[in-house]
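Enquirer: heads up, no residue letters with this:
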């Protein structure tokens, strides 16, 4: 079996058997391609069936010189999943990563923005900014408001559809990881900004395949993930905010602010679409001063 065939089969497995999204599948296969590139550079034609633990160790050792422990741990996990699949399909008898330890990286607390930071970024948006006759300033405000007020992943934002908006009920339908759907509350302010963008959107020449997509570029096509990162990066630079901000920062801020204001952890889990509440519990570590206030307010032995 050649690497190209093994990767193609693995992609089909991830899509059909596990129901993963295109972006997630590409991330799973990214580290496998790193391994194949390494093998090509070292002039070896060893197949995925025959590769042994020692060769994989040498690859990981080489990679460890250029990436941090967190990236190294992700790489090992991705390769282990791939070879587990080959074992499952009876292509191999064992996994060459079984005896390879993952580096200990600890728990990284998410970066967050304060409410003042959020207000600063939104106030920095030039609402009159247009390109080719399309007001993109209003679109950008609706994007930032939706990311923050609904706690969406960037892929969930770019895939958000007009048919997913249930404003009369106060919810939007979000399609998350593994194509799992959930309903997330949406406030009146964010609804208002989306309505403004929709009125602009109606005058765009929308391309086939994007008719139901909410956020579009000036050409009428769905926005890419990279474009959302660019919008945010430009906004941060213009605002003068001295923080590293990505689309996910708004999601972290959404959860943190809910927790600080007394929201139930289980409710936050449902809105974020976390499969396990242990994933949501990371926010319990973000603001220890808030936890102290909760103890002092509610514990009988304060």
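Expert: Done, it's in. If you're wondering where the values come from, they're calculated on a predicted model, not measured in any experiment. Residues are numbered from 1 along each chain as shown.
Enquirer: Which pLDDT value goes with the nearest residue to residue 81 once chain neighbours are set aside?
Expert: Counting by Cβ to Cβ, 6 or more residues apart in numbering, residue 81 lies nearest to residue 28, which is 6.8 Å off, once chain neighbours are set aside. In short, each C-beta sits where N, CA and C put it, glycine included. Confidence at residue 28, expressed as pLDDT, is 85.
Enquirer: List the residues that contact residue 28.
Expert: Counting by Cβ atoms under 8 Å, 6 or more residues apart in numbering, residue 28 touches 10, 14, 20, 78, 81, 82.
Enquirer: In strands only, show me these.
Expert: Among the contacts of residue 28, no member falls in strands (DSSP state E).
Enquirer: min pLDDT across those, which one?
Expert: Out of the contacts of residue 28, that is residue 20, at 79.
Enquirer: just the contacts of residue 28 now: which is nearest residue 190?
Expert: Ranked by distance to residue 190 (Cβ to Cβ), those are led by residue 20 at 28.6 Å.
Enquirer: Tell me how many other residues surround the closest residue to that closest one other than its chain neighbours.
Expert: Leaving out its chain neighbours, the residue that sits closest to residue 20 by Cβ to Cβ, 6+ apart is residue 14, at 4.7 Å. The number of residues packed near residue 14 is 22, by other Cβ atoms under 10 Å.
Enquirer: Repeat that for residue 223.
Expert: 21.
Enquirer: contacting residues for it?
Expert: 158, 215, 216, 217.
Enquirer: Going along the chain, name the helices of the stretch 201-302 of the chain.
Expert: 225-239, 247-260, 265-272, 277-280, 288-298 (DSSP state H, counting those that start in this stretch).
Enquirer: between the second one and helix 225-239, how many degrees?
Expert: The one in question is helix 247-260. With axes from the mean of the first three to the mean of the last three Cα atoms, to 10 degrees defining the directions, helix 247-260 sits at 70 degrees from helix 225-239.
Enquirer: For helix 247-260, give the mean pLDDT please.
Expert: Mean predicted confidence for helix 247-260 is 89.
Enquirer: okay, and for the stretch 201-302 of the chain, where does confidence drop off?
Expert: By pLDDT under 70, the weakly predicted segments of the stretch 201-302 of the chain are 277-302.
Enquirer: now residue 31: how far from residue 75?
Expert: Applying Cβ to Cβ, to the nearest Å, the value for residue 31 to residue 75 is 5 Å.
Enquirer: Settle it for me: which of these two has more neighbours?
Expert: Shown here are residue 31 and residue 75; by other Cβ under 10 Å, residue 75 has more neighbours (21 against 18).
Enquirer: Buried subset of the contacts of residue 223 as a ChimeraX selection?
Expert: Here is the ChimeraX command that selects the buried residues among the contacts of residue 223 (16 or more other Cβ atoms under 10 Å):
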select :158,215,216,217
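Enquirer: any chance of the contacts of residue 223 in a markdown table, with distance to residue 260 too?
Expert: Shown next, in a markdown table, are the contacts of residue 223 (distance: Cβ to Cβ, whole Å):
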| residue | distance to residue 260 |
| --- | --- |
| 158 | 28 |
| 215 | 29 |
| 216 | 34 |
| 217 | 35 |
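Enquirer: Residue 36 is nearest to which of the helices of the stretch 201-302 of the chain?
Expert: Among these, helix 225-239 comes nearest to residue 36, with 24.4 Å by Cβ to Cβ.
Enquirer: and the closest one, which residues are buried?
Expert: 227, 228, 231, 232, 235, 236, 239.
Enquirer: same thing with stretch 88-104?
Expert: Residues of stretch 88-104 classed as buried by neighbour count (16+ other Cβ under 10 Å): 92, 95, 96, 97.
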